[in-house]
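# what follows is a predicted protein model with its sequence.
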Amino acid sequence: MRRTSCRKAGALVAAALLIGLAAGCGGGGRGSSAAGAPTPHASKRITVSSPAFVDGGTIPRRYTCDGEDVSPPLEVSGVPADAAELAVLVEDLDAPRGAFVHWLMWGVDPHETALGVGEVPKGAAQGRNGFGKRGYGGPCPPKGKPHRYVFSVFAADRELSLSQGASVDDLKRALAGHATGVGTLTGRYGR
């Protein structure tokens, strides 16, 4: 009987460790949008691309937690004329407990057509990602199947007036009813 109790306790500890490891990257902690505010929609399309990877392609290691962990270069076109600012949101759609936030930034000049590697434009602000830090946190999935990372760019018809370190839900609420354009770029990364 004692061996059975030890085996059950061991199995519970092992299960808790696996859950903890899965939660370490993309686990739905702070910065997760799994049950938060809905993603804003817009009628106008913005084109988002990167010289570092094609839509649906592999994100180079440099832009992940296994490399330099800097944001990739992004190019934007087709921003609506009425845009007051742009916002960027990067989420892992394949995280174990729902979308996991890797980056959120707003206050980007709508005339800014390109962001360089690791660049945060003058006047832009960054919010808390799923790792609990402000700024970009690159793809860092658990070993196994590659995850999809969606780089979304929103055009807002007004200044969003969010404080540094705001959450993804704060950003989505501020964009609700004020997103005039949106575009996405999807990259994949696995370990």
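Nice, I can see it.
# tell me where the chain has strands.
Assigned by DSSP state E, the strands in the chain fall at 44-45, 47-49, 74-77, 85-92, 100-108, 114-115, 125-126, 147-156, 179-189.
# for the first one, which helices and strands make contact with it?
Secondary-structure packing of strand 44-45 (3 or more C-beta pairs under 8 Å, 6 or more residues apart in numbering; DSSP states H and E): strand 179-189. The way it works is simple: take the backbone N, C-alpha and C, and place the C-beta from them, glycine included.
# which one of the strands of the chain lies nearest to Ser163?
Ranking those by proximity to Ser163 (C-beta to C-beta) places strand 125-126 first, at 7.7 Å.
# related to what we said a few turns ago, turn the strands of the chain into a markdown table, columns for distance to Gly57.
As requested, those are exported to a markdown table (distance: least, C-beta to C-beta, whole Å):
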| stretch | distance to Gly57 |
| --- | --- |
| strand 44-45 | 20 |
| strand 47-49 | 11 |
| strand 74-77 | 14 |
| strand 85-92 | 15 |
| strand 100-108 | 17 |
| strand 114-115 | 18 |
| strand 125-126 | 25 |
| strand 147-156 | 11 |
| strand 179-189 | 6 |
